[in-house]
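# I would like the atomic coordinates for the input below:
(4 chains)
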Number of protein chains: 2
Amino acid sequence: MTQRRRSAAPAPVFAALGDEIRLRLLARLSHGPMSISGLTAGSGITRQGVTKHLRVLAGAGLVRGSRRGKESVWQLERRRLEEARRSLEQISRQWDVSLGKLKAFVENG
Amino acid sequence: MTQRRRSAAPAPVFAALGDEIRLRLLARLSHGPMSISGLTAGSGITRQGVTKHLRVLAGAGLVRGSRRGKESVWQLERRRLEEARRSLEQISRQWDVSLGKLKAFVENG
DNA sequence: TTGTCATGCAACCAGAAGGTTGCCCATGAA
DNA sequence: TTCATGGGCAACCTTCTGGTTGCATGACAA
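Okay, here's the model as predicted:
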């Protein structure tokens, strides 16, 4: 049978997005791959701090890192953000449906 | 001048969404307002635990509670979820734009 | 080969999160 | 009035988080 990849649980992705510094890291990475030192400059925290945040993002599947020479280069992983966006849309739509039903019930029922 | 309400920072909302139990609470509330005891039943944690989660959600503006008789009834706050959805779409779009530019630069530049 | 730059790893720390329990208060039913 | 029900508050505990520092290592330039 086909590899029907179940989409990942949304909570961990939201949790990864729920930090100001990580959102900034993602924003900077959206301009292209960058090394840890590059990301550390101007971040306000130490290199190790940045590394930890990157690992959280990687754990959620939002970024991916690879070694290039002596540098560790990180880049965005588009797919996972798409999934998060879709799941939020689905939740949102679900609310619409349920609340719509409720409203109809209250008004007409 | 018009009350040009700046939309809230997205990180706290994502952080609130980043928990399995809270997502379940939201799902249950999407069927209509419910009391704390109601939400506690079948949640797997104690009433106080549920209360804490509800407060986190309220802090992010995702739900709103009010006293009715001896019960504390909670309901969804649609607007904030909409904001979160929009900000996620915007981030997603930003990635598209930046990565698109980068790709074009690499290929044509 | 030697020095420097970019990292990784491990230990450590303070504070926040997630949960629990115990106790008290208000409301509404009997 | 009495009692059960729904909740709030506070204290407490354990685990996770976000951040740091110190030290070791691999890659590269001189």
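# The residue lying closest to residue A:78 once chain neighbours are set aside: how many residues sit nearby?
Nearest residue to residue A:78, sequence neighbours excluded (CB to CB, 6 or more residues apart in numbering or on different chains): residue B:95, at 6.4 Å. The C-beta positions use only the backbone N, C-alpha and C, and glycine is treated the same way. Applying other CB atoms under 10 Å in any protein chain shown, we find 19 residues neighbouring residue B:95.
# which residues does residue B:95 contact?
Shown in contact with residue B:95 (CB atoms under 8 Å, 6 or more residues apart in numbering or on different chains): A:30, A:76, A:78, A:81.
# I'd assumed residue B:98 was in contact with the first one.
Yes. Counting by CB atoms under 8 Å, residue A:30 sits close enough to residue B:98 to count as a contact (4.2 Å).
# Tell me the residues that contact both of these two, please.
What both residue A:30 and residue B:98 touch, as defined by CB under 8 Å, 6+ apart, is an empty set.
# check which helix or strand covers the residue nearest to residue A:78.
Element membership for residue B:95, per DSSP states H and E: helix B:78-108.
# Check for me that residue A:72 belongs to a strand.
Yes. The assignment for residue A:72 is a strand, going by DSSP: H, G, I helix; E, B strand; the rest coil.
# For it, give the beta-bridge partners.
residue A:67 (DSSP bridges).
# mind listing what it touches?
With the criterion set at CB under 8 Å, 6+ apart, residue A:72 makes contact with A:35-36, A:65-66.
# Got phi/psi on the closest residue to residue A:12 other than its chain neighbours?
Distances taken as CB to CB, 6+ apart place residue A:60 nearest to residue A:12, at 5.1 Å, with adjacent residues excluded. When read as degrees, to the nearest 10, the backbone of residue A:60 gives phi -90, psi 0.
# Looks like residue A:60 contacts residue A:15 (just checking).
Yes. Using CB under 8 Å, residue A:60 is in contact with residue A:15, at 7.2 Å.
# okay, those two: which has more neighbours?
Legend: neighbour count by other CB under 10 Å for residue A:60 and residue A:15, higher for residue A:60 (23 against 20).
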